[in-house]
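Asker: sequence first, then the predicted structure, then my questions.
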Amino acid sequence: MADVVWSIAGSDSGGGAGIQADIKAMQSFNVHACTVITALTAQNSLGVEALNAMSTDVIESQLQALIHDMPAKVIKIGMLANVQQIQLVAEHLSHYKQTWSEPPIVVYDPVAIATSGDLLTEEDTVDALKTHLLPLVDVITPNTHETQLLTGVYLIGPSAVKEAAKKLQSFGVKSVVIKGGHWDFPKGYCVDFAVSAEQEEYWLGNEAVVTPHTHGTGCSLASSLAACLAKGYPLKDAFILGKAYINKGLHFGRRYGEGIGPVAHTSFPEELQYFPQVIEAGSWLGDELELETPSEFNFSAGFASTGGELGLYAVVDTLDWVEKCLAAGVPTVQLRVKDAQSPTLEQDIETAIALGKKYQGRVFINDHWQLAIQHGAYGVHLGQEDLGKANLAAIQGAGLCLGVSTHGFYEMVRAHNYRPSYLAFGAIYPTTTKDMTGQIQGLEKLQHFVPLMRATYPTVAIGGIDLTRAAQVADTGVGSVAVVRAITEADDYETAISQLQVMING
Ligand SMILES: Cc1ncc(COP(=O)(O)OP(=O)(O)O)c(N)n1
Ligand SMILES: Cc1ncsc1CCOP(=O)(O)O
Ligand SMILES: [Mg+2]
């Protein structure tokens, strides 16, 4: 199925919000937008002059036209003008969810009040939304006003935001994204909260972009998030990309009429400056949000520098392979021993570090950071789940380099909080070396990861890379290619190493 997203929403004659914003945002993420128009607003940059709701027959005919010809991966819903519209759309969604072989993901941006302050829906709709629509919604993206309207929870602080999100989930919504654009907490910041269907909570935040040209931000965020979900990105990635897209759009927003202008529609965000921070416990924003388990880690200090890109990177599990790779001129080697009970673990780590010194190669130790510090390794490689467990301050204090695995945009922005020595992106292709189910990134995503991070970090691509794929991976501009089987299962490992080196280094 092609990446088709439907927008069920109102038309904004001023071109800044509603259907018009949705199409532009979806186009920026290279998905195809189909539209079902629920209302025609007569609107300009100064406000809403009239609202003409479509009859349910007109909405029904638009849905019928799309159902068989262009079924959606994601259905994004914006303005629903009255109870009849809510009931009709809910009936359709319920039917699609039960009968489509690939049921659509439903994203609902509960448009209630325009940026101008004008009401965009009849007042008796809240009960109908709760009864009919919310139980069918996979992701809801209300702003603070809409959250308060739907939940009755007044957002006086971070715990109230969490309480409101839980209440939305109690109405049947799976995941909740509460946008903090109108919240101004902490002062001058824009902080958003998300909780997933699995109850994982996280906050994203950045300094508020100061501009009057904010019309259409809500619709555009929900549409970019919907587009990313249609491309198969996990919600965390879709959300952080949506935020970056809006921040960039606010930066380039401009006036077209007498009043406030619309958020600009630009392109897939590939500039780190527009991305929000993933807020960690122990950081300044984390403290403001009263996040638990404050860590002693100094976020701004950063880890030792590798002095440049890492070139061919061999990930191996024996000393024999460490030595063969170093002797064949591989500049970066990782000892990856997954058996923490191995009786020779410490000895192997010590010897691998000594071999690195002998051959003047960089030897990273996977997982076993205490032994790496103890024996003076060049560096340590850790996964995302290790970031909260390992003593990063000790690794930093001992002057070791730190490499961090990332599997998507959210994780790489999170890793950026720690200012590591390099970032690894994976798995690019399916691999039999490690179970990476649900974490295959593909070349297209790598093409976005590299420009985002290359100016700030040495970059590494890993997972399923072999001689047939290394050239196209290197073409993305990634600084290093990490491989296991391409070396250890090669007929002639030395030839494989030299061929890989040529592909990577040109
Ligand atoms: C260069 C490089 N990138 C990624 C990984 C994966 O590390 P991690 O996420 O810690 O998983 P395990 O390797 O421990 O299974 C890596 N080892 N090296
Ligand atoms: C350790 C690891 N992390 C992500 S993919 C991977 C294994 C890569 O192995 P291969 O190069 O054999 O596909
Ligand atoms: Mg590991």
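Answerer: Nice, I can see it. Ligands and ions are numbered 1, 2, ... in the order given.
Asker: now the strands for the stretch 101-250 of the chain?
Answerer: Applying DSSP state E, counting those that start in this stretch to the stretch 101-250 of the chain gives strands spanning 105-108, 139-140, 175-178, 189-195, 201-207.
Asker: what lies in contact with the shortest one?
Answerer: Spelled out, it's strand 139-140. 105-110, 134, 168, 173-177, 225, 229, 235 (C-beta atoms under 8 Å, 6 or more residues apart in numbering). Where C-beta positions appear, they are placed from N, C-alpha and C, glycine not excepted.
Asker: so which of the residues you listed is the most crowded?
Answerer: Leu225 (30 neighbours; other C-beta atoms under 10 Å).
Asker: could you give the number of residues near Asp339?
Answerer: 9.
Asker: in contact with the residue nearest to it when sequence neighbours are not counted, which residues?
Answerer: Counting by C-beta to C-beta, 6 or more residues apart in numbering, Leu345 is the residue found nearest to Asp339 once chain neighbours are left out, at 7.5 Å. By C-beta under 8 Å, 6+ apart, the contact list for Leu345 reads 337, 339, 368, 371.
Asker: quick one: which of the strands of the stretch 101-250 of the chain is nearest Val83?
Answerer: Val83 lies closest, by C-beta to C-beta, to one member of those: strand 105-108, at 15.7 Å.
Asker: just give me how far that closest one sits from the chain centre.
Answerer: Computed by C-alpha atoms, centre = their mean, to the nearest Å, the separation of strand 105-108 from the middle of its chain amounts to 17 Å.
Asker: also stretch 463-483?
Answerer: Computed by C-alpha atoms, centre = their mean, the chain-centroid distance of stretch 463-483 equals 23 Å.
Asker: show me what counts as buried in it.
Answerer: For stretch 463-483, a neighbour-count test (16 or more other C-beta atoms under 10 Å) marks 463-466, 469-470, 473-474, 476, 478-483 as buried.
Asker: could you measure from Pro71 over to Leu133?
Answerer: Applying C-beta to C-beta, to the nearest Å, the value for Pro71 to Leu133 is 20 Å.
Asker: neighbour-wise, which of those two wins?
Answerer: Leu133 (26 against 19).
Asker: re earlier: restricted to helices, list the buried residues of stretch 463-483.
Answerer: Secondary structure assignment by DSSP state H places 470, 473-474 of the buried residues of stretch 463-483 in helices.
Asker: thinking again about what came up before, give me the buried subset of the contacts of Leu345.
Answerer: Taking 16+ other C-beta under 10 Å as the criterion, what is buried in the contacts of Leu345 is 337, 368, 371.
Asker: now render those residues as CSV, adding pLDDT.
Answerer: Shown next, in CSV, are the buried ones among the contacts of Leu345 (pLDDT from 0 to 100):
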residue, pLDDT
Val337, 98
His368, 98
Leu371, 98
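Asker: single out the residue in the stretch 101-250 of the chain that lies closest to ligand 2.
Answerer: Pro234 (16.5 Å; C-beta to the nearest ligand atom).
Asker: ok, that residue touching Gly408?
Answerer: Yes. Contact criterion C-beta atoms under 8 Å: Pro234 and Gly408 qualify, at 6.3 Å.
Asker: before we move on, back to that, so which of the contacts of Leu345 are also by ligand 1?
Answerer: The subset of those within reach of ligand 1, by C-beta under 6 Å from any ligand atom, is empty.
Asker: pLDDT weak spots in the stretch 401-506 of the chain?
Answerer: Regions of the stretch 401-506 of the chain meeting the criterion pLDDT under 70 are absent.
Asker: residues from it in reach of ligand 2?
Answerer: Counting by C-beta under 6 Å from any ligand atom, the stretch 401-506 of the chain sits next to ligand 2 at 426-427, 431, 433-434, 436, 462-465, 483-486.
Asker: would you map the helices across the stretch 351-500 of the chain?
Answerer: Using DSSP state H, counting those that start in this stretch, the helices of the stretch 351-500 of the chain run over 369-374, 384-387, 392-397, 409-416, 442-453, 470-474, 485-488, 493-505.
Asker: ok, Leu40 - contacts?
Answerer: Leu40 makes contacts with 10-11, 13, 51-52, 54, as judged by C-beta under 8 Å, 6+ apart.
Asker: widest-spaced pair of those?
Answerer: It's Ser13 and Met54 that sit farthest apart of those, by C-beta to C-beta, at 14.5 Å.
Asker: among the two, which residue is more densely surrounded?
Answerer: With neighbours defined as other C-beta under 10 Å, Ser13 and Met54 compare such that Met54 has more, 19 against 15.
Asker: go through the strand or helix carrying Val322 and flag the buried ones.
Answerer: If you go by DSSP states H and E, Val322 is part of helix 319-327. For helix 319-327, the buried set under the neighbour-count rule, 16+ other C-beta under 10 Å, comprises 319, 321-326.
Asker: and the pLDDT for Ser61?
Answerer: Predicted confidence (pLDDT) for Ser61: 98.
Asker: if we can go back for a sec, make CSV from the buried residues of helix 319-327 and add pLDDT and distance to Ala2 to it.
Answerer: Output for the buried residues of helix 319-327, formatted as CSV (pLDDT from 0 to 100; distance: C-beta to C-beta, whole Å):
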residue, pLDDT, distance to Ala2
Leu319, 98, 50
Trp321, 98, 44
Val322, 98, 47
Glu323, 98, 50
Lys324, 98, 47
Cys325, 98, 43
Leu326, 98, 48
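Asker: out of those, who's nearest Pro212?
Answerer: Pro212 lies nearest to Cys325 out of those, by C-beta to C-beta, at 57.7 Å.
Asker: which among the buried residues of helix 319-327 gets closest to Val31?
Answerer: Taking C-beta to C-beta as the measure, Val31 lies nearest Cys325 of the buried residues of helix 319-327, at 42.2 Å.
Asker: distance of the closest one relative to Asn505?
Answerer: From Cys325 across to Asn505, the span is 16 Å (C-beta to C-beta).
Asker: which intervals of the stretch 151-300 of the chain have sub-threshold pLDDT?
Answerer: The model of the stretch 151-300 of the chain has pLDDT under 70 over residues 293-295.
Asker: so how many other residues sit close to the residue of the stretch 301-450 of the chain found nearest ligand 1?
Answerer: For the stretch 301-450 of the chain and ligand 1, the shortest gap (C-beta to the nearest ligand atom) falls at Gly383, measuring 2.8 Å. If you count neighbours by other C-beta under 10 Å, Gly383 ends up with 16.
Asker: now do the same contact list for it.
Answerer: 367, 404-405.
Asker: which helix or strand contains Gln347?
Answerer: Assigned by DSSP H and E, Gln347 falls in helix 345-359.
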